[in-house]
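1. Quick one, structure for this:
(2 chains)
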Amino acid sequence: MAAETGTPTTLTLKSNDDELFSVAESAAILSVTIRNMVEDGCAGGVIPLDNVDGKTLASVITYMNGISAIPADEEKKKSYRDKFLSDKDFETLADMVLAANYLNMSCLMDAVSAKIAQVMEKKSVGWVRRKFGIENDYTPEEEAAVKEEHKWTFEGVETDDDN
Amino acid sequence: MAAEQEESVHLPLEMIEIIVPKLPVKSLLRFKSVSKSWNTMISDPAFVKNHLQISKHSNPHNLFMQENPNSKGFFSLVKFEDRKFRTVELLECPCAWDNFLAFCDGVLLLSDISYNKLTLWNPSTRQTAKFEFPYAHCCYPMSYGLYHDRTVDDFKVVVICRDHCAVYSCKDKAWTRKRRIQDIGLVQIGSGVCVDGVVYWVNHRWSSDGTHILYFDTKDDDELKVLRKPKNVNFTGKMIDLICLRDSLCMCCIGRGMTNVQIWIKGKGSGNSTWKELMTIENVQTRASCFEPLLHFVGNKILIVWKDSKLVVYNPSEKTFEAVDDSVLSGCGFFPYTESLFFPK
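-> Modelled structure (predicted):
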């Protein structure tokens, strides 16, 4: 029987595809966006998160619960974050970085953006263009010249259909 | 597989600008070929500066460089991970060099055996610049420093000789030489440590007023000056060393009884001579006099190098030392390395 002051408060979060999630307030306030809503007393009912889909929100809540269960030990938190992100693909990471930005969670933001950079590190130019939807606006001559200037940086790139 | 239709993600520019500076230099140079706008973004001096700041503050890769005694002409790039060092890459130096003199913002200063021929080298971008030190015949250089003079956006090399200083401007490709106005009794000067555009040296003296710290700041008309010491630290006869930790100047000072090392951190700004005690490394098992001024944050722990080349990791919260596997290290000319896109034009 928890004393009244110790009763954990639970918040209900709603994704933009109408999924509902229960999460302990103590974990949810890792998000500054949610914390501000709680402090402003707007968190009584359901908190709508219009920019996050259910799949991503479920993942973010797993992270919130996992990281808030770890005591103040930066090394353990870091290894939790590494493990949490280790099996995520590029698309999932991109959704998470957008969610972390919207929810204003700087620790998740830092970890996910560093992980995306790690995924990109050995990728080809073609991979970056496709994944980020970037149009190649070089003329063939210009592209050849800029590649030639940094020729050695193309060594050891992961093989891919077009470089 | 090759024909697979992939959906691209649409990350706003502000997200791209957070992610991309976290990439290593080799990837960044390659990604200049992605598009004109990526090339413009990566080439922008503000981006170069931001990338360097991220690299310095976090050194996310825990990279170190060391002179390779086995194959002359090479440096090894080593990475520290899980209490272990491993070699990432052997980097072939672009010139015949005999001495490693200084490091700042990703750029190394090397010289030949006569100290006449100097080379600046950024191993990450593979850029080099060669120039001569014209005064080597008349004065023996005591110490070197590299710094980025932000007032004129110029990268400079400073050489301290017994009775004057010589400064090389990469922008002007020219030396200026100055006789020192103040007599500061140069005795034995340590290596120059560059922090935030200012170079600092320890001048080891055994006189009554003890060892002091010198600094060279362009704001003060290229004058070598003495920095005020912390009021509560007695320097007399003490061994102190300077290091750059997380972009701040730190002073390591061996305490009484040679069993502890105090670390002081200087306030930001060249004229700022306020010092704060950062921590004391206690229960030093090796004699503290074997302390080498090389410390590096690894998460919230500190990597320490002793003069007998043994490395340990110190855990400040538990005041304990952890062993490190340093079998790939040779123990000479070892320093934390920050990757950088920067090279003086």
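2. host element of the closest residue to chain A within chain B?
-> Residue nearest to chain A within chain B: residue B:8 (3.2 Å; CB to the nearest CB). Backbone N, C-alpha and C define where each C-beta goes, glycine included. Residue B:8 belongs to no helix or strand when elements are defined using DSSP states H and E.
3. what's near enough to touch the nearest residue to it once chain neighbours are set aside?
-> Distances taken as CB to CB, 6 or more residues apart in numbering or on different chains place residue A:133 nearest to residue B:8, at 3.2 Å, with adjacent residues excluded. Each residue near residue A:133 by CB atoms under 8 Å, 6 or more residues apart in numbering or on different chains is listed here: B:8-10.
4. Let me see the ranges of the strands in chain A.
-> A:10-14, A:20-24, A:46-48 (DSSP state E).
5. Deepest-packed of the ones you listed, please.
-> Compared across the strands of chain A, strand A:10-14 shows the largest average neighbour count, a mean of 18 (mean count of other CB atoms under 10 Å in any protein chain shown).
6. Pairing partners for that strand, with directions?
-> Strand pairing for strand A:10-14, determined by DSSP bridges: strand A:20-24 (antiparallel), strand A:46-48 (parallel).
7. Adding mean pLDDT, write those strands out as a markdown table.
-> What follows is these, written out as a markdown table (pLDDT from 0 to 100):
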| stretch | mean pLDDT |
| --- | --- |
| strand A:20-24 | 94 |
| strand A:46-48 | 90 |
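8. May I see these arranged in CSV, with distance to residue A:94 as well?
-> Listed next are the strands paired with strand A:10-14 as CSV, based on distance: least, CB to CB, whole Å:
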stretch, distance to residue A:94
strand A:20-24, 21
strand A:46-48, 22
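9. Go through those strands and name the closest to residue A:61.
-> With CB to CB, the closest approach to residue A:61 among those belongs to strand A:20-24: 5.2 Å.
10. Can you pull the domain assignment for chain A?
-> A:8-120, A:125-154 (automatic domain parsing).
11. Please identify the most buried of the ones you listed.
-> When these are compared using mean count of other CB under 10 Å, domain A:8-120 is most buried, at a mean of 17.
12. give the contact list for the residue nearest the centre of chain A.
-> Centroid-nearest residue in chain A: residue A:96, 2.7 Å away (criterion: CA atoms, centre = their mean). Taking CB under 8 Å, 6+ apart, we find residue A:96 in contact with A:56, A:59-60, A:88, A:108, A:112.
13. Check the spacing between it and residue B:40 real quick.
-> 28 Å (CB to CB, to the nearest Å).
14. Show me the shaky parts of the stretch 1-150 of chain B.
-> Across the stretch 1-150 of chain B, the ranges flagged by pLDDT under 70 are B:1-6, B:58-61.
15. 90 instead, please
-> Residue ranges of the stretch 1-150 of chain B with pLDDT under 90: B:1-10, B:53-100, B:112-116, B:134-143, B:148-150.
16. Dump stretch A:20-39 to CSV, restricted to CA.
-> Taking C-alpha atoms only, stretch A:20-39 is exported to CSV below (Å, rounded to 0.1, in the frame of the first residue of the first chain):
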residue,chain,number,x,y,z
LEU,A,20,-3.4,4.6,-26.4
PHE,A,21,-0.5,3.9,-24.1
SER,A,22,-0.2,4.1,-20.3
VAL,A,23,3.1,5.3,-18.9
ALA,A,24,4.3,6.3,-15.5
GLU,A,25,4.5,10.0,-15.2
SER,A,26,8.0,9.8,-13.7
ALA,A,27,9.2,8.1,-17.0
ALA,A,28,7.1,10.2,-19.3
ILE,A,29,8.5,13.5,-18.0
LEU,A,30,11.8,12.7,-19.6
SER,A,31,10.0,14.4,-22.5
VAL,A,32,10.1,18.1,-21.8
THR,A,33,7.0,18.5,-24.1
ILE,A,34,5.1,16.1,-21.8
ARG,A,35,6.6,17.6,-18.6
ASN,A,36,5.4,21.1,-19.6
MET,A,37,1.9,19.7,-20.2
VAL,A,38,1.9,18.1,-16.8
GLU,A,39,3.2,21.2,-15.1
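17. Tabulate the strands of chain A in a markdown table, adding columns for distance to residue B:191.
-> As requested, the strands of chain A are arranged in a markdown table below (distance: least, CB to CB, whole Å):
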| stretch | distance to residue B:191 |
| --- | --- |
| strand A:10-14 | 55 |
| strand A:20-24 | 52 |
| strand A:46-48 | 56 |
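18. Which one of these lies nearest to residue B:319?
-> Per CB to CB, nearest to residue B:319 of these: strand A:20-24, 34.6 Å.
19. which residues are in contact with the closest one?
-> Against strand A:20-24 from outside (CB under 8 Å, 6+ apart): A:8-15, A:46, A:57-58, A:61, A:64-65, A:68.
20. Then stretch A:62-81?
-> By CB under 8 Å, 6+ apart, stretch A:62-81 touches A:23-24, A:26-28, A:30-31, A:84, A:107-108, A:111, B:299-301.
21. and which of those is nearest to residue B:139?
-> residue B:301 (42.8 Å).
22. which residues does the residue lying closest to residue B:11 once chain neighbours are set aside contact?
-> Excluding the flanking residues, the one nearest residue B:11 by CB to CB, 6+ apart is residue A:94, at 5.9 Å. Counting by CB under 8 Å, 6+ apart, residue A:94 touches A:116, B:9, B:11.
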